[in-house]
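Fold the following for me, if possible:
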Amino acid sequence: MTGEGQNDEQTLYGKAPGYISGLAKKHRVPAILISGGLSENIDPLFEKFTGCFSIINRPLSMEECMKQAEPLLFQQTKNILNLLNQS
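Okay, the predicted model is just below:
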């Protein structure tokens, strides 16, 4: 599980999440991406990541997102872990 503030095609080139996804693929384990925001075209990310998720769960201003980053990240991580535990 990895992430960053904003994810797009650039995530795969020279950024930590791209590196981590490469390691995950090498070791045949799923790579999950969590971010503050996802670009419109995330299809290239699905070549490297099993799932891509944004922490934003409702319309929020940038200011609200930054103030609530910790609880939003915590909730989305719980949601993903719950999903994985059901598998």
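
ok, which stretches of this protein are strands?
2-7, 32-38, 51-54 (DSSP state E).

Now tell me what touches the second one from outside.
Applying C-beta atoms under 8 Å, 6 or more residues apart in numbering, the external contacts of strand 32-38 come out as 1-8, 11, 17, 21, 45, 49-56, 65, 69, 73, 76-77, 80. Where you see a C-beta, it was placed from the backbone N, CA and C, and this is true even at glycine.

Could you identify which of the strands of the chain is most buried?
strand 32-38 (a mean of 20; mean count of other C-beta atoms under 10 Å).

Return the list of strands paired to that strand, each annotated with direction.
If you go by DSSP bridges, strand 32-38 pairs up with strand 2-7 (parallel), strand 51-54 (parallel).

For the residue nearest the centre of the chain, which non-adjacent residue is closest in space?
A centroid search over the chain (C-alpha atoms, centre = their mean) returns residue 34, at 1.8 Å, as the residue closest to the centre. Closest residue to residue 34 apart from its sequence neighbours, by C-beta to C-beta, 6 or more residues apart in numbering: residue 3 at 3.9 Å.

got the contact list for the one you found?
Applying C-beta under 8 Å, 6+ apart, we find residue 3 in contact with 17, 33-35.

Helices of the chain, start to end?
All helices of the chain, identified by DSSP state H, fall at 16-26, 62-67, 69-86.

For the longest one, name the packing helices and strands.
Identification of packing neighbours for helix 69-86 by 3 or more C-beta pairs under 8 Å, 6 or more residues apart in numbering; DSSP states H and E yields strand 32-38, strand 51-54.

can these go into TSV with extra columns for mean pLDDT and distance to residue 86?
Formatted as TSV, the helices and strands packed on helix 69-86 follow (pLDDT from 0 to 100; distance: least, C-beta to C-beta, whole Å):
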stretch	mean pLDDT	distance to residue 86
strand 32-38	93	15
strand 51-54	95	14
